[in-house]
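Return a 3D structure for these sequence lines:
(one chain, ligands or ions: 1)
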Amino acid sequence: MLKINNISYKYHSDHWIFDSIQLNVNPGEVVGIYGPSGVGKSTFAKVIAGYLKPDRGSIIVNGKVSPQIGRNPVQLIGQHPEKAINPHWRMKQVLAESGEYSDGFLSELGISKEWMHRFPSQLSGGELQRFCLARAIAPETSYLIADEMTTMLDAITQAQIWQTVLLLVERRQLGMLVISHELPLLKQISNRILNFEELARAI
Ligand SMILES: Nc1ncnc2c1ncn2[C@@H]1O[C@H](COP(=O)(O)OP(=O)(O)OP(=O)(O)O)[C@@H](O)[C@H]1O
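From the prediction side, this is the model:
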């Protein structure tokens, strides 16, 4: 289980972005989180994935305090895949850096072999996002956080990507937090939906 225990976070000021958020996510569960712009959803995602350290509280993944040494079992996928990938590397090198991937897994994610020799600038946003997913869904991964993961993509690509991700989530029993402004999308894919402002009791 992913246990988010009363976490609080503030940037360099006295203003708490969120305070005492308590949330549990079970393996195989998809939890949707929505809320208006600027309330702290992305900050929350970064804290859970270990990019930012909470000022108070803790994140426990499968009984252990996270992040631990080594690869974080909680992986974040953001809105801008082009920012998450080294622009000077061919996609083959991008993948090689984070592990070994079977042809079956890559084709399941809709990654074409011919893309491997291209640079990120030679791929579309949807194609790049599939590479970010491949990197995020490693053997050690237990939880995924999708922060507006498909917001930049057209409806057909969005649907294709979600279909693949949900299959993998079910097969591997990954827990997933999906942050989105699109309530219809959340209603379609989530087991439960939470309002971030109700979750966070900002001071
Ligand atoms: N690095 C930073 N330093 C200081 N303040 C920041 C930083 N990043 C974000 N903020 C502020 O923290 C607040 C929450 O931002 P955050 O990006 O988490 O909101 P959000 O709910 O994800 O918004 P959106 O839906 O527009 O992506 C905002 O007021 C933002 O200006």
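
For the rest of this, base every contact and every neighbour count on C-alpha atoms.
Fine.

Check this structure for its longest helix and report it.
helix 155-172 (DSSP state H).

Name the residues that touch that one?
28, 108-109, 126, 130, 150-151, 174-176, 189 (CA atoms under 8 Å, 6 or more residues apart in numbering).

Report the entries of those residues that also contact the ligand.
Among those, not one lies near the ligand by CA under 6 Å from any ligand atom.

Give me the next element, helix or strand, following the helix or strand of the chain at the bottom of the mean pLDDT ranking.
Counting by mean pLDDT, DSSP states H and E, the chain has its least confident helix or strand at strand 64-66, which shows a mean of 86. Going down the chain from strand 64-66, the next helix or strand is strand 74-77, by DSSP states H and E.

Which secondary structure elements does that next one sit against?
Packing contacts for strand 74-77, counted by 3 or more CA pairs under 8 Å, 6 or more residues apart in numbering; DSSP states H and E, involve helix 41-48, helix 125-136, strand 143-147.

chain center to the last one, what's the gap?
To tie it back to what came earlier, the one meant is strand 143-147. The chain centroid and the centroid of strand 143-147 are separated by 2 Å under CA atoms, centre = their mean, to the nearest Å.

That strand vs helix 125-136, what angle?
Computed by axes from the mean of the first three to the mean of the last three CA atoms, to 10 degrees, the angle separating strand 143-147 from helix 125-136 equals 160 degrees.

what's next to strand 143-147, contact-wise?
Contacts to strand 143-147, defined as CA under 8 Å, 6+ apart, come from residues 2, 27, 42, 45, 49, 73-79, 136-137, 174-180.

how about 7 Å then?
Defining contact as CA atoms under 7 Å, 6 or more residues apart in numbering, one finds that strand 143-147 is touched by 42, 45, 73-79, 174-180.

which among the residues you listed gets closest to the ligand?
Ranked by distance to the ligand (CA to the nearest ligand atom), the contacts of strand 143-147 are led by Ser42 at 3.6 Å.

Return the distance of that closest one relative to Leu109.
Computed as CA to CA, to the nearest Å, the Ser42 to Leu109 distance reads 25 Å.

Same check on Ala134?
Taken as CA to CA, the span from Ala134 to Leu109 is 7 Å.
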